[in-house]
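S.K.: from the sequence below, what's the structure:
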Amino acid sequence: MQMTLNIPDAANISEVDAQILFAIKLFEAEKLSLGKAAEVAGLSYRTFYELLMRYDIPIVTYSEEDVKAEVKNAHRYF
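M.R.: This next block holds a predicted model:
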């Protein structure tokens, strides 16, 4: 799918930067995997990964239930 987006000049953002920001938001919303978001951004997997780290965007997110299960499992080893 191809999409056209009209961004006002006042936003002062390049087309490339807009594409990257869009990919970041799609990744954050869990609409795209890391690899697919990197493709949308026009970046390599590693470069996109490093960009997310630079902006403190978590690569892996855990639900509350996941965290509780991990803590419960960790107690087995201590």
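S.K.: mind listing the helices for the chain?
M.R.: Along the chain, the segments classed as helices by DSSP state H run 15-28, 34-41, 45-54, 64-75.
S.K.: mind putting those helices into TSV with distance to Asn6 and mean pLDDT?
M.R.: (Glycine included, C-beta is placed from N, CA and C.) Listed next are the helices of the chain as TSV, based on distance: least, CB to CB, whole Å; pLDDT from 0 to 100:
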stretch	distance to Asn6	mean pLDDT
helix 15-28	11	95
helix 34-41	18	96
helix 45-54	25	96
helix 64-75	40	86
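S.K.: as CSV, the ones you listed with distance to Thr4 and mean neighbour count would be great.
M.R.: Formatted as CSV, the helices of the chain follow (distance: least, CB to CB, whole Å; neighbours: other CB atoms under 10 Å):
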stretch, distance to Thr4, mean neighbour count
helix 15-28, 11, 16
helix 34-41, 15, 17
helix 45-54, 23, 14
helix 64-75, 38, 10
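S.K.: among the ones you listed, which is nearest Met1?
M.R.: helix 34-41 (10.9 Å; CB to CB).
S.K.: packing partners for the closest one?
M.R.: In terms of contacts (3 or more CB pairs under 8 Å, 6 or more residues apart in numbering; DSSP states H and E), helix 34-41 is packed against helix 15-28, helix 45-54.
S.K.: and that helix, how far out from the chain middle?
M.R.: Using CA atoms, centre = their mean, to the nearest Å, the mean C-alpha position of helix 34-41 is found 8 Å from that of the whole chain.
S.K.: who are the contact partners of the spatially most central residue of the chain?
M.R.: In the chain, the residue lying closest to the centroid (CA atoms, centre = their mean) is Phe27, at 3.4 Å. Contact partners of Phe27, counting by CB atoms under 8 Å, 6 or more residues apart in numbering, are Ser33, Leu34, Ala37, Leu52, Ile57.
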